[in-house]
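> sequence first, predicted model second:
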Amino acid sequence: MPTDDELVSFFLRHLVPVLFTFQRGADSQSIVVTAFVLSVANQWFLITAGHCIHDIEECTTEHGYQITQCYLIDSLGLGAKYREPIPFVYKDSSPRCLSEDQDFDYGVMVLSPYYQQLLEKNNIQALNEEVWKKQPAKVDFYMLLGVPKELTRVNPENIEITPTLHTVEPLSERPDKFPATDVPLFYGRIGLGEGVTTIKGMSGGPIFAFYEDEKGQLKYWVTALQSRWLPESHIIVACPTKLLGDFLEQIDHQESQ
């Protein structure tokens, strides 16, 4: 069984956090949004939580900030050759929150062939139909990958990001503090681990399902993306990635006709 550090290094090839710098007069703020790469019919998308997209839009349209810098951070994984982040034209990615309903907390950015090629050169790999459409009949354990805000430091000269991987114990029933829904959401209790007291900043992070087959090979699937949590109990709710993939696949089919 690989160690947590080995798993983090391996799965960072799917993670591409996005750095935003906002300016309003003399006031400057920076945030890092957890995001991962999903492919549907060979089209690459950058996926985060829908409320993250909403927060960015609110910052610019309601609070008067402008996005002065935006970068894709693609150098965290194994095999990365280039350390400098990629300048990203955020508005050209057609960023959208798919629904105001928290049960469909999906945020989507379209990656053009230009960005796809740059990410591929730095060993970024998209999570394709093999791991989002196909889901395992049996799961040994789940883990959440993301970038907690408390381990992120951004200043004009440097960016310090520490991605973390957390065990998630699945819950068979919906916790009482979450409203009833017909959507097959994923509920679990997260283990924070050493050095992390909150998962703020990890919204949009992928939750992976793992299964060790009879040959001892560890297989994985992307099951959901992190949406909300209850800090007092460490219980999380996440949105199924198969629903998102099926939706994007349907859109692609309609546009190709």
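Thanks, I have the structure now.
> tell me the spacing between the closest residue in space to S227 that isn't next to it in sequence and C70.
If you skip the residues right next to it in sequence, S227 has D105 as its closest partner in space, 4.1 Å away by C-beta to C-beta, 6 or more residues apart in numbering. C-beta coordinates here come from the backbone N, C-alpha and C atoms, glycine included. Using C-beta to C-beta, to the nearest Å, D105 is found at 22 Å from C70.
> these two - which one has more neighbours?
D105 (28 against 20; other C-beta atoms under 10 Å).
> so that one is in contact with H51, correct?
Yes: D105 sits in contact with H51 when judged by C-beta atoms under 8 Å, with a separation of 5.9 Å.
> common neighbours of those two, please.
Common neighbours of D105 and H51 (criterion: C-beta atoms under 8 Å, 6 or more residues apart in numbering): S227.
> give the buried residues for the top helix by length along the chain.
Of all segments of type helix in the chain, defined using DSSP state H, the longest is helix 241-256. Under the neighbour-count criterion of 16 or more other C-beta atoms under 10 Å, helix 241-256 has T241, K242, L243, L244, G245, L248, E249 buried.
> closest to H234 among those?
Distance ranking of those against H234, using C-beta to C-beta, places T241 first at 21.7 Å.
> quick check, P184 in contact with P240.
Yes: under the criterion of C-beta under 8 Å, P184 is in contact with P240, at a separation of 6.0 Å.
> who has more neighbours, those two?
Neighbour tally, P184 and P240, criterion other C-beta under 10 Å: the higher count belongs to P240, 22 against 11.
> which one is that one nearest to, not counting chain neighbours?
A224 (5.2 Å).
> cool, S9 as well?
L78 (5.2 Å).
> ok, now S39?
Nearest residue to S39 in three dimensions, chain neighbours excluded: A126, at 3.7 Å (C-beta to C-beta, 6+ apart).
> ranges for the strands of the stretch 51-200 of the chain?
Counting by DSSP state E, counting those that start in this stretch, the stretch 51-200 of the chain has these strands, from start to end: 66-72, 86-87, 96-97, 106-110, 141-146, 153-155, 158-160, 164-170, 186-190.
> against which helices or strands is the second one packed?
Under the contact criterion of 3 or more C-beta pairs under 8 Å, 6 or more residues apart in numbering; DSSP states H and E, the helices and strands touching strand 86-87 comprise strand 66-72, helix 113-121.
> want to throw the ones you listed into JSON lines with mean pLDDT and distance to I159?
Shown next, in JSON lines, are the helices and strands packed on strand 86-87 (pLDDT from 0 to 100; distance: least, C-beta to C-beta, whole Å):
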{"stretch": "strand 66-72", "mean pLDDT": "96", "distance to I159": "8"}
{"stretch": "helix 113-121", "mean pLDDT": "98", "distance to I159": "17"}
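> for I161, find the nearest of those.
Set against I161 and scored by C-beta to C-beta, those come closest in strand 66-72, at 11.2 Å.
> what helices and strands are in contact with that closest one?
Other elements packing on strand 66-72 under the criterion 3+ C-beta pairs under 8 Å, 6+ apart are strand 18-24, helix 50-61, strand 86-87, helix 113-121.
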